[in-house]
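# How does the following fold in three dimensions:
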Amino acid sequence: MKPQRIVLWITAFFLVGIFVGLSFRESISGSKGSSMDQFFQYLQDEYVDTLDIAKLQQQAMDYILSGLDPHSVLIPVEDEQQIAERMQGSFSGVGVEFTIYEDTLVFVYIMEGGPAESYGLKAGDRIYAIDGDTIVGAGLTNEFVTQKIKGPVNTYVTFDIIRDGLSLVAAVQRDFIPLNSVSGAQMYGSMGYVKVDRFAESTTEELQEALAKLDDQGMRGLILDLRDNPGGYLHEAVEIADLFLGGNKTIVSTKYKDGRTIVAESKRGDKYEDLPLHIILNDQSASASEVLSGALQDHDRATIYGTTTFGKGLVQEDKQLPDGSTMRLTVAYYYTPSGRSIQKPYAGADLPGEMEGLVFQSDSGKILSSVGGIEPDIELSNDTVGSYYWGFSFGTIDDFAFQWVDARRQKIGTWEYEDFFNMKVVDDELISEFLKYGGYGLYIEDLPMDQLTELRLMMKAAIAKNIWGFDAYVSMLLNEDPVLKEVIKLSSGTLQ
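Sure, this is the predicted structure:
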């Protein structure tokens with residue numbers, strides 16, 4: 001690009017910032033027309049080259065929002081559906097997990113009870129066409145496949161399949177596929193465990209179902225894992241807090257610019273109000289995760305483990321724009337029951353001065369941190385989790401595991417998931433094969449014991465993923481999670 005062109009563009013974006021301010025000022029004053037409208041009209045009508053005006057307007061809005069706070073953002077139309085699906089807790093599809101192996105789509109896992117299973121699709125099926133369109137080739141991507149498989153409920157998608165050398169065709173009717181936000185429910189002795197991945201529309205219902213199953217297995221205490229939970233719907237976090245709190249207790253206060261304060265309170269009568277509760281957090285636990293854990297910590301209702309959370313105490317509301325995009329705008333602050341803000345300081349915020357010098361206490365008088373985020377009662381730093389050195393090579397591990405499973409599908413079909421945890425599948429011979437496959441130039445004797453142990457775990461988890469799906473992979477890693485093991489040991493010692 002010529003130097004003159006660079007100067008022109010820098011000047012243009014500088015003017016965008018100026019004219020946005022003028023536009024807002026004129027709009028507020030009731031003036032007719034808008035400097036911003038005129039600015040873009042000049043660009044469209046008179047600029048020497050062809051411009052994408054809509055794209056420039058979006059860039060201008062992005063720039064403004066990014067300078068306000070860390071969480072106000074513009075959501076393009078094309079991203080709306082995926083975000084909505086995650087928060088609604090379901091999408092319309094056929095219930096398969098897939099991989100792209102050597103330019104070919106392969107179904108890895110068929111969801112139990114889903115449309116694909118009912119229409120006879122099987123793990124290991126090679127798909128060479130969808131709705132008559134050939135899809136084999138170097139340009140095949142996960143995004144393209146997902147787009148082809150998804151569609152309106154009750155419509156059909158047709159797959160051309162190669163299975164054991166035979167050509168088959170299956171027309172599968174799409175249906176709602178759950179996107180679960182609660183996973184991993186299991187018992188460790190008398191202590192129940194469940195992980196909440198995000199706060200979607202179905203999270204409270206999912207959690208209650210998981211708790212009921214754990215109850216049937218004799219649960220006397222609960223570990224609630226909120227690590228890496230980025231948040232979601234506030235009302236879901238409030239409802240879950242209510243499950244564990246007695247009546248008439250503040251859960252969260254939301255304070256708006258106009259002075260309004262909305263206070264959410266608990267109701268009496270929930271089954272789990274006296275259940276011993278332990279929560280695991282990390283630096284990626286944010287927003288609604290912090291609302292929930294902050295409320296339970298302030299009321300001395302749970303012991304918190306892990307590391308200080310992300311520190312997102314800002315409330316966003318979605319504002320629909322004429323082109324279908326959404327402005328997610330920060331409109332309020334969250335405060336825990338003791339009055340502390342969850343939000344960590346950021347440039348331009350009014351909050352730091354407001355919190356300065358204040359001391360916050362739990363119901364029992366315990367001093368609480370007010371630096372932004374939720375500090376754990378018992379710190380278990382990330383250093384205790386292990387290096388996961390081989391995590392950076394997981395793509396290669398996953399490819400190797402897929403080939404290993406794919407060559408043994410008939411034998412593996414007799415395996416039970418519950419028995420797999422205790423099966424010795426990953427021996428030294430398999431590790432040696434993998435090191436050769438990956439071209440690492442290493443022999444098994446070259447690996448330190450901690451890396452060898454980690455590699456065995458990652459390989460076994462990858463094999464589980466390629467047999468039973470992604471949730472099996474997560475469960476396999478969780479089974480050897482040092483932080484969880486420590487929390488189980490500490491929390492189990494508190495049971496009477």
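
# Just checking, which helix or strand of this protein averages the lowest pLDDT?
Lowest on mean pLDDT, DSSP states H and E among the helices and strands of the chain sits helix 3-29, with a mean of 42.

# now for the following helix or strand past that helix, which elements pack on it?
Per DSSP states H and E, the first helix or strand lying C-terminal to helix 3-29 is helix 35-46. Contacts defined by 3 or more CB pairs under 8 Å, 6 or more residues apart in numbering; DSSP states H and E place helix 35-46 against helix 3-29, helix 53-66. To be clear about C-beta, it is placed using only N, CA and C from the backbone, and glycine gets the same treatment.

# ok and helix 35-46 relative to helix 53-66, angle-wise?
If you take axes from the mean of the first three to the mean of the last three CA atoms, to 10 degrees, helix 35-46 sits at 150 degrees to helix 53-66.

# give me the number of residues near residue 239?
Per other CB atoms under 10 Å, the neighbour tally for residue 239 reads 21.

# Tell me the spatial nearest neighbour of it, not counting adjacent residues.
residue 204 (4.4 Å; CB to CB, 6 or more residues apart in numbering).

# What distance do you get for the one you found to residue 238?
Distance of residue 204 to residue 238, computed by CB to CB, to the nearest Å: 9 Å.

# now swap in residue 293 and tell me
13 Å.

# Could you check which of the two is surrounded by more residues?
Taking other CB under 10 Å, residue 293 and residue 238 do not tie; residue 293 has more neighbours (28 against 20).

# Now do the contacts for that one.
226, 279, 281, 285, 302, 304, 309, 374 (CB atoms under 8 Å, 6 or more residues apart in numbering).

# For residue 247, state which of those is nearest.
residue 302 (17.6 Å; CB to CB).

# What is the neighbour count of that closest one?
So residue 302, with other CB under 10 Å, has 23 neighbours.

# so where's the longest strand in this structure?
What stands out as the longest strand in the chain, according to DSSP state E, is strand 326-335.

# Just give me how far it sits from the chain centre.
In terms of CA atoms, centre = their mean, to the nearest Å, the centre of strand 326-335 is set 20 Å apart from its chain centre.

# before we move on, what about stretch 326-337?
19 Å.

# Next up, the contacts around residue 415.
With CB under 8 Å, 6+ apart, residue 415 has these contacts: 423, 467.

# Check residue 211 too.
192, 194, 219, 222, 243, 272 are the contacts of residue 211 under CB under 8 Å, 6+ apart.

# before we move on, what about residue 127?
98, 104, 105, 106, 107, 135, 159, 160, 161.

# hmm, 7 Å instead?
105, 107, 135, 159, 160, 161 (CB atoms under 7 Å, 6 or more residues apart in numbering).

# what does residue 162 give?
Applying CB under 7 Å, 6+ apart, the residues contacting residue 162 are 126, 128.

# roughly how far apart are residue 469 and residue 418?
15 Å.

# quick one: which of these two has more around it?
residue 469 (19 against 7).

# Low-confidence ranges, the chain, go.
Across the chain, the ranges flagged by pLDDT under 70 are 1-33, 351-357, 382-392, 496.

# Domains in it, by residue range?
For the chain, automatic domain parsing gives the domain ranges 3-66, 90-178, 182-379, 385-488.

# winner for burial among these?
domain 182-379 (a mean of 19; mean count of other CB atoms under 10 Å).

# Any idea how far apart the tips of it sit?
24 Å (CA to CA, to the nearest Å).

# ok so, going back, turn the contacts of residue 293 into JSON lines, columns for distance to residue 179 and secondary structure.
Formatted as JSON lines, the contacts of residue 293 follow (distance: CB to CB, whole Å; DSSP: H, G, I helix; E, B strand; the rest coil):
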{"residue": "226", "distance to residue 179": "18", "secondary structure": "coil"}
{"residue": "279", "distance to residue 179": "23", "secondary structure": "strand"}
{"residue": "281", "distance to residue 179": "23", "secondary structure": "strand"}
{"residue": "285", "distance to residue 179": "20", "secondary structure": "coil"}
{"residue": "302", "distance to residue 179": "27", "secondary structure": "coil"}
{"residue": "304", "distance to residue 179": "27", "secondary structure": "strand"}
{"residue": "309", "distance to residue 179": "24", "secondary structure": "coil"}
{"residue": "374", "distance to residue 179": "26", "secondary structure": "coil"}
